[in-house]
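1. Model the structure of this input:
(chains A and B)
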There are 2 protein chains.
Amino acid sequence: MSNQSYIQENRDRFLDELMQWLRIPSISSDPGSKEQMVRAAEYLKQRFLEQGVDKADIYPTAGHPIVYAEKITDPSKPTVLVYGHYDVQPPDPLDLWDSPPFEPVIKTTPIHPEGAIFARGACDDKGQVYMHVKALEIMAKNGDFPCNLKFMIEGEEEVGSVNLGKFCEEHKEMLKSDVILISDTSIIDNKTPSICTGLRGLSYVEVEVTGANRDLHSGVYGGAVANPINVLSDMIAALHDENNHITIPGFYDDVQELSRQERDAMAKAPFSLEAYEKDLDIDAVYGEKDYTTLERASIRPTLDVNGIWGGYIGVGAKTVLPSKAFAKISMRLVPDQSSGKITKMFADYFTSLAPKGVRVKVTPHHGGEPVVTPTDSVEYQAAALAMKDTFGVEPIPQRSGGSIPIVALFESVLGVKSVLMGFGLDSDVIHSPNEHYGTFNFFKGIETILRFYPHYAELKK
Amino acid sequence: MSNQSYIQENRDRFLDELMQWLRIPSISSDPGSKEQMVRAAEYLKQRFLEQGVDKADIYPTAGHPIVYAEKITDPSKPTVLVYGHYDVQPPDPLDLWDSPPFEPVIKTTPIHPEGAIFARGACDDKGQVYMHVKALEIMAKNGDFPCNLKFMIEGEEEVGSVNLGKFCEEHKEMLKSDVILISDTSIIDNKTPSICTGLRGLSYVEVEVTGANRDLHSGVYGGAVANPINVLSDMIAALHDENNHITIPGFYDDVQELSRQERDAMAKAPFSLEAYEKDLDIDAVYGEKDYTTLERASIRPTLDVNGIWGGYIGVGAKTVLPSKAFAKISMRLVPDQSSGKITKMFADYFTSLAPKGVRVKVTPHHGGEPVVTPTDSVEYQAAALAMKDTFGVEPIPQRSGGSIPIVALFESVLGVKSVLMGFGLDSDVIHSPNEHYGTFNFFKGIETILRFYPHYAELKK
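-> Numbering: from 1, shown residues only, chains lettered A, B, ... in the order given. Model prediction:
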């Protein structure tokens, strides 16, 4: 039976298994989710064991556990380490979901006429990890493993992979491999495959501005005492200039400027500004002067407030002058910016913006380094051939705006390069309400992964 | 028995009755509080009936009910209408209360060595209203009513007294009086009585900034699409210039500038900047250039953000670029600014600040007009004599930064002036966690109210 026929025959079971996994709310940032995280890890371990792997174990960490499995068939074959994550983003705001985030349903959409699974984690990253589990099932059924396989699926990607570095340090021998294969990125559209060749890094901080030692009545004190919300707004506003450049001194010092030629090549990617604006229902895009939308979202660093709160946010009116105001602020970084350096620059500059009458606290959350991967490597070529086999067209190399901080870590700790062969679409709204993953993409992913291994083994010879 | 001995003898009962009332969470802005509001109104009505009033009724409104009671002893005597409110501010943030907001306890503080009742509404305004109920009890016991008495205690002061105007229009005859007596303001300190001669007006709006039609992943879209939080921060920052002047065109056009002489008189009020900063634990005050702290908090208009929210505000990090951001913004107004005019000016200007790529909605909440009351009126003189009787020193006329919008309404609808004889302290932290009201102030208030009526009747002759 061909792989395609087998997939066709087992289609519903594959989806059912994934949906069972999606029902487990493995929200890594939720302090109350420990038990659900273990359930999600356990579920995955069992699915690996069903495929006859040599081993499948759950490794505890200081945070959430890591699932590791391997199938070594021949020491002379190249070894591929598949990385992914089973943790998901919080589903808030819940009221914007059309169906509950942890009760997956399959519905068709204009972009996914064959149907898409709607659930938190459907695309990011349980759905993409599960393609690898099912590709493994097919290889096992065929008794044909072109490469040795290792799987490392963590539970803390959405909170900065805080314990994965240590795990890699401590299990270098076990994790030894020729390349790391990651499916946690997007393709341009279902007719235009692409391979991610760059990821932005990340600095994420939380800031707190404190005025008086207690909430005050805005009638009695208003106008006479610093209002932390007004001050925080002023400070946030001061982080960009009128051209939407970031004002932090030295922020752009290490930014790799692309050549005119590289930018011209980027501009050839299929992109309709009109469709983009229509999809988002906005009358204009907004960003750094002298750069295109695609450039702003990939090769340029950014600074966004991801959350802000302070004072009275209930129904109706309360005339309070609050004691504190807070914001979560993230910066996306590009080569050769360093997350640690940028976080420090931010903290110093932000603190310097505070007027007298308030105190400022900056708390770094997680960070990650930007990466760029070459297109002339064996792994890129193998992924490109695999995609050409299944999509019928050459994939386009594309730098992505998102961050998978772990890629830079793998390079420094394990000394191994990664190839970012993901199958999501930007319109799958990962991190947002109604996240989904096309069944077309899920099955196309399985087929493509199955093609990757023989190409990689062949090119490695 | 003297009034003072009677108060001393019934001290614990008076406090118990007030604390029972404080246990009812009459939060007017809470849509779920309808039943509690009725309970609080009913409780008050019963206490009026116990004093042998001619009538005590609960008048329904489109919102929360109004309690009205009267005791008419002689048509030839002057009639005083006591106004107050039984609704309270929401208690948020709950975790900053040392004891639950609706479980009143009496504790001593450095400022209140004789004890203070800690509860939401203890000072604003149930505690101050209840002084009038107990003064009534004493007049009834003595069978001595120097004035005819009317009481109108509403349940919507904290949400803009939205239905009181209509009630006044419809009950002009019933509410007919010579003066309105209100205890909902502060004195300078327990040795320095003062009478409020001016209140700031209020414009209160809610603003909403919308970017894309859904929450976005900040890695994929960050830098390329307007972030409503960043934009809202920019817009808020633009509402003040570097001298902390409000930038809304025309905002100051109708502001009454005080003469140098008037400002010099104000500057003589006892005020220690050092103590003020120490009390609030701030290293500097903050406000409009060229004005003192007392001026900023009373004779100058202000603009404060009372609440802000948007994006992810839970524990940990979420890299979301939100669809919407919100703020609640209030402006305190001074004579002769008009709330309606300022609200419109704000809406026009704020909307004009929005860049392309976002949409802005401005929703007006309640407003109120600023007022100034003369010090040469019969009612001011009667209040001043009453305070001199009980405190032993002349009270200081003082303009307050807060707003009681209803004072301007009374003047326009009922054609009656108000006298603002309140007994709170600014340090009682009304609207904040740990609101309290000194028992000294409560009992001193009862005594002073009992002195007000004979002085008023005498001066009116």
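
2. quick one: secondary structure of the spatially most distant residue from the centre of chain A?
-> The centre of chain A is farthest from one residue, A:V220, which by C-alpha atoms, centre = their mean lies 47.1 Å away. Three-state call for A:V220 (DSSP: H, G, I helix; E, B strand; the rest coil): helix.

3. Chain B versus that one, what's the distance?
-> Here the criterion is C-beta to the nearest C-beta, to the nearest Å. By it, A:V220 lies 5 Å from chain B. Just so you know, the C-beta spots here come from the backbone N, C-alpha and C atoms, and that holds for glycine as well.

4. And that residue, what's its pLDDT?
-> As predicted, A:V220 sits at a pLDDT of 84.

5. now do A:V162
-> Looking at A:V162, its pLDDT reads 86.

6. So what's the residue count around it?
-> A count of neighbours around A:V162, defined by other C-beta atoms under 10 Å in any protein chain shown, yields 17.

7. And for A:T351?
-> 14.

8. mind listing what the residue lying closest to it once chain neighbours are set aside touches?
-> Of all residues not flanking A:T351 in the chain, A:V360 sits nearest, at 5.1 Å (C-beta to C-beta, 6 or more residues apart in numbering or on different chains). For A:V360, the contacting residues are A:V207, A:E208, A:V209, A:T210, A:M235, A:F350, A:T351, A:A354, by C-beta atoms under 8 Å, 6 or more residues apart in numbering or on different chains.

9. Following the chain onward from the helix or strand where the fifth one lies, which element is next?
-> By that I understand A:M235. Per DSSP states H and E: A:M235 is located in helix A:228-237. Following helix A:228-237 in sequence order, the next helix or strand is helix A:260-266 (DSSP H and E).

10. what is the rounded mean pLDDT of that following helix?
-> Rounded mean pLDDT across helix A:260-266 is 85.

11. Over to stretch A:48-58?
-> Mean predicted confidence for stretch A:48-58 is 97.

12. That stretch: which residues count as buried?
-> With burial defined by 16 or more other C-beta atoms under 10 Å in any protein chain shown, the residues of stretch A:48-58 counted as buried are A:F48, A:Q51, A:V53, A:A56.

13. Touching that stretch from outside, list them.
-> So stretch A:48-58 is contacted by A:38, A:41-42, A:45, A:65-72, A:133, A:136-137, A:140, A:151 (C-beta under 8 Å, 6+ apart).

14. if we can go back for a sec, isn't the residue farthest from the centre of chain A right up against B:Q398?
-> No - between A:V220 and B:Q398 there is no contact under C-beta atoms under 8 Å: 11.7 Å.

15. circling back to that earlier point, report the distance from the helix holding A:M235 to the chain centre.
-> 29 Å (C-alpha atoms, centre = their mean, to the nearest Å).

16. does chain B sit close to that helix?
-> Yes - using C-beta under 8 Å from any C-beta of the partner chain, helix A:228-237 reaches chain B at A:I229, A:N230, A:V231, A:L232, A:S233, A:D234, A:I236, A:A237.

17. Any idea how many residues pack against A:S377?
-> A:S377 is flanked by 15 other residues according to other C-beta under 10 Å.

18. who's in contact with it?
-> A:S377 makes contact with A:K417, A:V419, according to C-beta under 8 Å, 6+ apart.

19. Let me see the backbone angles for it.
-> When read as degrees, to the nearest 10, the backbone of A:S377 gives phi -80, psi 160.

20. And the pLDDT at it?
-> 93.

21. again with A:T319
-> For A:T319, pLDDT reads 85.

22. thinking it is in contact with B:N306, fair?
-> Yes - when contacts are counted by C-beta under 8 Å, A:T319 is listed as touching B:N306 (5.9 Å).

23. Now do the shared contacts for the two.
-> Counting by C-beta under 8 Å, 6+ apart, the contacts common to A:T319 and B:N306 are A:S218, B:Y204, B:S330.

24. quick one: which of those has the most company?
-> A:S218 (32 neighbours).

25. Quick check: that one vs chain B, distance?
-> 5 Å.

26. That residue contacts B:S330, doesn't it?
-> Yes - with contact defined as C-beta under 8 Å, A:S218 reaches B:S330; the gap is 6.1 Å.

27. quick one: A:G121 and chain B, what's the gap?
-> 14 Å.

28. where does that residue land on pLDDT?
-> 98.

29. Phi, psi for the residue nearest to it when sequence neighbours are not counted please.
-> Closest residue to A:G121 apart from its sequence neighbours, by C-beta to C-beta, 6+ apart: A:V88 at 3.7 Å. The phi/psi pair for A:V88 (degrees, to the nearest 10) reads phi -130, psi 160.

30. and A:V88, how many residues sit next to it?
-> A:V88, neighbours per other C-beta under 10 Å, totals 31.

31. Spit out the contact partners of it.
-> A:V88 neighbours (C-beta under 8 Å, 6+ apart): A:P25, A:S26, A:I27, A:S28, A:R120, A:G121, A:D124, A:K126, A:E158.

32. try A:C196
-> A:T185, A:S186, A:T373, A:Q398, A:R399, A:S400, A:L420, A:M421, A:G422.

33. Check the residues of helix A:228-237 next to chain B against B:E288 and report the nearest one.
-> A:N230 (12.6 Å; C-beta to C-beta).

34. Touching, that closest one and B:I236? I think so.
-> Yes - between A:N230 and B:I236 there is a contact under C-beta under 8 Å: 6.4 Å.
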